[in-house]
Structure formats: C-alpha cells, structure tokens
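S.K.: Any chance you can model this:
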Amino acid sequence: MTKILFMGRKKVSAGLLEFLSAQNNIEIVGVLTDSHLQGSPTTAAAKRLGLPLYTFDTALQAMKEGRLNYDLGISVLYWRKLRDEFLSTPSRGTINFHPALLPEYKGTGGYNLAIMDKLSEWGISAHYIDDSIDTGDLIEVVRFPMDPDTETAQSLERRSMEVLEGFAQRLIMQAATSETKLPAYPNIGGEYTSRAEMEAMKEIRPGDDVDRKIRAFWFPPYDGAYIEIDGKKFTLVNRRILEDVAPKDSTSLFAGQADA
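M.R.: Prediction:
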C-alpha cells in the first residue's frame, strides 16, 4: 500500500483524486488544495471521499510532529512552493505535473508564451520537486500539436488539462507500484517567468502583434491583453473571440458568417 499526500487544484485535480481513491494499492493520507478559495472542486471531492484536508501550515506541522507520514507526494497544479518536511518526508519524493514544456518554460505564463512564441506543439511535464521552482529532475514530457495562429490561452489550457489527466493517471500508477523513485534526468536550462513578469506582458505596446497578444492572454475572468486610458485598464477582444463567445442561436447580423 502506497501512502500519498495529494496536492492540487482545479477540476482536473478533483478527477485525479477520485481516480486515486478508487485504487486498491493507494491510500490518500491527506489533501492540500485551494483552501483560500470558495467553491474549490478538489476540496469538494476530498470532503465527499472523507479524506483529511490540510492547509500548507497544518500539514507541515503534522509532519514535524510525526503525525503525517507518506511515501509519495503528488502535486497537480498546486499553487505553493514546497519546502522543509515536504521535501524530506516522502521516501519516493514528490512528483509535480507542470502544464508546460520543461526545461524550456519554468514558472508561470506558459500558455501565453506558447502562443507568443508561435510554437507548433505544447506539452505537460512531470518532474520531482526540489527546493526551487520547476527545476527538479524530469521524469517525462508529453507533447501534443497546437496551432499558434488560432489558440487562445483558454483553449490551450483546456486541451492541456485533457492531456494531463491521462498522463498523470499513468505516471502516478507507475510511481505507486515502484519501491523507489522513477528514472529521471537533469532539468537544465530554460527560462523562469514570474507572475509579475507575465502580468506586465499583457500591456499592448507599440510594435506588438495585437491580435496574437489578445489571443495569448484571453482567459476570462482574468484580465487579458489591455490598453490603459486615464489610469484604467481595458481588456481587448478581437472578431474571432467575439464569434466564439457569441450565443450559438444569436440572430445578430454580425454573428457567424453571413450568407452570400
């Protein structure tokens, strides 16, 4: 029986938590999730399954006191940097699923940069966590094609989550049945993008490919690519996005493509 501390957020994490809880060879000893947000699907799943919920601090204290022990940590879009006992307690380490290509795209803003950099493929990376961010040894990277001229950050995130779910199920089951860490290789190179740097990229500046930037940062309800007027930021949209978000039964003359 492999004891797992599960860390995650968003709908995909809730689904994985359900999947892992149904496995005979896995025991979920605790769940860390979006405790700072209301309506977290992962929190709801943990409560429905009767699993212990921890905050970052209560889990850390429980490990220090020897009340929380586990073999393997799993992080699926968890939002905090792990440290101290989170690194030393699990004998088989903690695996993080990063929704971007590693080692190239560390930190945040991966979907945005994939579109801005005109990539023809994107991917999900699995790596062991160390004392920095997205720098631990790589286990595997799965890739899938993307069209940088049509994707938005929102659509690329949606496709990435579909790939992540199956990838994570497969890799976690491999890790759960292994008595040691999975084979991994150095995660060297690439660039780290902070949240502040990503937010600064949203401003429309002279010389920008405005249409591409609009798509690269389209991810409602978050602010997108913007212009600033009188100290206020206004998110921009383009015709493609307007047509995508328009009701399918709209009777507007400008919805969809007019008849010839």
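S.K.: is it true that Arg9 touches Leu77?
M.R.: Yes: counting by Cβ atoms under 8 Å, Arg9 touches Leu77, with 5.1 Å between them. Bear in mind the C-beta positions are built from the backbone N, C-alpha and C, glycine included.
S.K.: contacting residues for the residue nearest the centre of the chain?
M.R.: Centroid-nearest residue in the chain: Leu77, 4.0 Å away (criterion: Cα atoms, centre = their mean). Under the criterion of Cβ atoms under 8 Å, 6 or more residues apart in numbering, the neighbours of Leu77 are 8-10, 12-13, 97, 99.
S.K.: I'd like the distance between it and Pro206.
M.R.: Remark: distance between Leu77 and Pro206 (Cβ to Cβ, to the nearest Å) = 35 Å.
S.K.: Same check on Met116?
M.R.: 16 Å.
S.K.: Can you give the distance of the helix or strand containing Ala200 from its chain's centre?
M.R.: With elements taken from DSSP states H and E, the one containing Ala200 is helix 195-201. Put simply, helix 195-201 sits 17 Å off its chain's centre (Cα atoms, centre = their mean, to the nearest Å).
S.K.: so what does that helix touch, helix or strand wise?
M.R.: helix 110-116 (3 or more Cβ pairs under 8 Å, 6 or more residues apart in numbering; DSSP states H and E).
S.K.: now the helix it packs on: mean pLDDT?
M.R.: Taken as a whole, helix 110-116 has a mean pLDDT of 98.
S.K.: got the CA coordinates for stretch 48-68 in CSV?
M.R.: The C-alpha atoms that make up stretch 48-68 are tabulated as CSV, following Å, rounded to 0.1, in the frame of the first residue of the first chain:
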residue,chain,number,x,y,z
ARG,A,48,-17.1,13.7,-0.5
LEU,A,49,-14.5,11.0,-0.2
GLY,A,50,-13.9,11.6,3.5
LEU,A,51,-10.3,12.5,3.1
PRO,A,52,-8.3,14.6,5.6
LEU,A,53,-7.9,18.2,4.5
TYR,A,54,-4.8,20.2,5.4
THR,A,55,-3.6,23.7,4.9
PHE,A,56,0.1,24.1,4.0
ASP,A,57,0.9,25.1,7.6
THR,A,58,-1.1,22.3,9.3
ALA,A,59,0.4,19.7,7.0
LEU,A,60,3.9,21.0,7.7
GLN,A,61,3.3,20.9,11.5
ALA,A,62,1.9,17.4,11.3
MET,A,63,5.0,16.2,9.5
LYS,A,64,7.3,17.9,12.0
GLU,A,65,5.4,16.1,14.8
GLY,A,66,5.4,12.8,13.1
ARG,A,67,1.6,12.6,12.7
LEU,A,68,1.7,12.8,8.9
